[in-house]
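> starting from these lines, generate the structure:
(chains A and B)
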Amino acid sequence: MLRVFWCLLARDLRLALRRRTDVLTTLFFFIIVVSLFPLGVGSERQLLQLLGPGVVWVAALLASMLALERLFAADHEDGTLEQLLLTGQPLALLVLAKISAHWLLTGLPLVLIAPLAGMQYHLTGTAIGVMMLALLLGTPVLSLIGAIGAALTLGVRGGGILLSLLILPLYVPVLVYGAGAVEVSAVDLADIRPYLNLLGAFLLAALILAPVAAAAALRISLE
Amino acid sequence: MTLNWFKFASPASFYPLAGRLIPLFWSLTVALVLVGLYWGFFQTTDHLGGSNPQKEYYRIIFVHVPAAWMSMWLYLVMVVWAAIGLVFNTRLSFMMAKAIAPTGAIFTFLALWTGAFWGRPSWGTYWDWDPRLTSELVLFFLYIGYMALHAAIDDIRRADRAAALLALVGLVMVPVIYWSINCPDPNQCAALHQRSNLTRIDGNILFSMLTMTLGLWMYSFATSLTRLRGLILERESEAQWVRELIEHGEKQR
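Here you go, the predicted structure:
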């Protein structure tokens, strides 16, 4: 069963790395959104330090949401998805493999590029470290929850806009605690533990529940 | 006489039953809301607002709190029908869930709207990012998402099931909304709403609030059933009984 997981994961990664622009588009979208805010609100140092964590998180939310459309779309178009449904392997496991590949391609780069965004907003070294940690725990949750929405809106007209309407409200807790951790770290580093604990709890809960829900959604969309 | 509940799981037999129930629910709605509002406006004068005319605005509570309760309850009811539909694959349950959604969204909006009018004189602001307000707004988005997903999918069977699954997923937010006001430790949550505690509310106010809540429940039944009848006719339009109904009118049945 684990072999199926690795096989699908490797396949998705290989496919994506042969079309690198898809991965890079998400990354540059993130960087552009983050860079636009100082141009809009002014480049005052204190203001940017205040806004930084929230802006980076919202940009990460939007970037990972925009990439979600592609999670199942290509496989749906060429019929691979239907074959996966027929393999007799647990669909939730296959979905989890696809989500993992998706996170490695869109979530992880955001985590790695976050220090750059942090520096644009004059965040301190510790704040940047906390932000990376929070993003590392939070972005997988975004991919996991988003997969449910992506499966539900598969092949629906206006899917992209609809997807954001369905998924963004569910992202709220991650945004609140993710940005909260960075804000709190400016006051006292010891206070960030509950925030990270909660993000970790979200991750574990999503890891268990989201693949099952996404698999059920795929079954509904493809029947 | 033994009552066969499954008889009414069929749209054809539920349609006339709903038609008989709707006037009943409407009259209960009018009666309860009139009593609740009368009691709230005229029988509670010497409490809270009575001595200080500027505080009369607290009477918004008789609409605000029942509407907020209903917004949460209706989501739960909608999810229950959606889940029954997913498990037993019954058409009527999906229609029921779909019929409830707009009423729930309206109550959520009403709670936010009356809350804004209450917040302005008491907190000095129409809107604040208090956890309760934020989570109620998220609930509103959940209703909108449910309706949008249903409307976007043309195949009715898929639309029903996809929207039902979305409603189930959204259920994770309901405890968040509930505990955002009944926070276990008040020092941990900076909120403008105080903890709700029904035992500490004055009897007259509580009576009026509960009567209003019952009235709004009846209103929800009435509107959902009316909407459900419309949905049944729309979806069963090819069925024999619907054609007969349209030809002969409802009275002859």
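> can you pull the residues of chain B lying near chain A?
Residues of chain B lying close to chain A (Cβ under 8 Å from any Cβ of the partner chain) are B:134, B:138, B:141-142, B:144-145, B:148-149, B:152-153, B:158, B:161-162, B:165-166, B:168-170, B:172-173, B:176. From N, CA and C alone the C-beta is placed, and that goes for glycine too.
> not counting sequence-adjacent ones, nearest residue to residue B:145?
residue A:166 (4.5 Å; Cβ to Cβ, 6 or more residues apart in numbering or on different chains).
> now residue B:32
Nearest one to residue B:32, counting by Cβ to Cβ, 6+ apart, is residue B:215 at 3.3 Å.
> the residue in chain A that chain B sits nearest to: what's it in contact with?
Closest to chain B within chain A is residue A:169: 4.0 Å, counting by Cβ to the nearest Cβ. Each residue near residue A:169 by Cβ atoms under 8 Å, 6 or more residues apart in numbering or on different chains is listed here: B:138, B:141-142, B:145, B:170, B:173.
> which residue packs closest to it, ignoring adjacent ones?
Using Cβ to Cβ, 6+ apart, the closest residue to residue A:169 is residue B:141 (4.0 Å).
> give me the element that neighbour is part of.
helix B:131-152 (DSSP states H and E).
> by neighbours, which of the contacts of residue A:169 wins?
With neighbours taken as other Cβ atoms under 10 Å in any protein chain shown, the top of the contacts of residue A:169 is residue B:142, carrying 28 neighbours.
> before we move on, the earlier item: which other residues reach whichever helix or strand comes after the helix holding residue B:141?
As assigned by DSSP H and E, the chain's next helix or strand after helix B:131-152 is helix B:156-170. With contact meaning Cβ under 8 Å, 6+ apart, helix B:156-170 is reached by A:148-149, A:152, A:166, A:169-170, A:213, A:216-217, A:220-221, A:223, B:75, B:78-79, B:82-83, B:85-86, B:91, B:94-95, B:97-98, B:142, B:145-147, B:149-153, B:235.
> which stretches of the chain have low pLDDT?
Here I'm looking at chain A. Applying pLDDT under 70 to chain A flags no residue at all.
> hmm, no, I was thinking of chain B.
Low-confidence segments of chain B, defined by pLDDT under 70: B:1-6, B:44-55, B:179-201, B:249-253.
> follow-up on the earlier one: helix/strand/coil for the residue nearest to residue B:145?
Three-state call for residue A:166 (DSSP: H, G, I helix; E, B strand; the rest coil): helix.
> again, but for the one 10 residues further on
With three-state DSSP as the basis, the three-state label of residue A:176 is helix.
> separation between the residue nearest to residue B:32 and residue B:116?
22 Å (Cβ to Cβ, to the nearest Å).
> what's the helix or strand for residue B:110?
Per DSSP H and E: helix B:91-123 holds residue B:110.
> for the longest helix seen in chain A, what is the distance to the chain centroid?
Longest helix in chain A, counting residues (DSSP state H): helix A:45-77. Relative to its chain's centre, helix A:45-77 lies at 7 Å (Cα atoms, centre = their mean, to the nearest Å).
> and it, what does it pack onto?
helix A:20-41, helix A:80-86, helix A:91-102, helix A:108-120, helix A:125-152, helix A:159-185 (3 or more Cβ pairs under 8 Å, 6 or more residues apart in numbering or on different chains; DSSP states H and E).
> still on that earlier bit, check contacts around the residue nearest to residue B:32.
Residue B:215 makes contact with B:28-29, B:31-33, B:35-36, B:66, according to Cβ under 8 Å, 6+ apart.
> look up phi and psi at it.
phi -60, psi -40 (degrees, to the nearest 10).
> now do it against chain A, distance only.
For residue B:215, the distance to chain A (Cβ to the nearest Cβ, to the nearest Å) stands at 29 Å.
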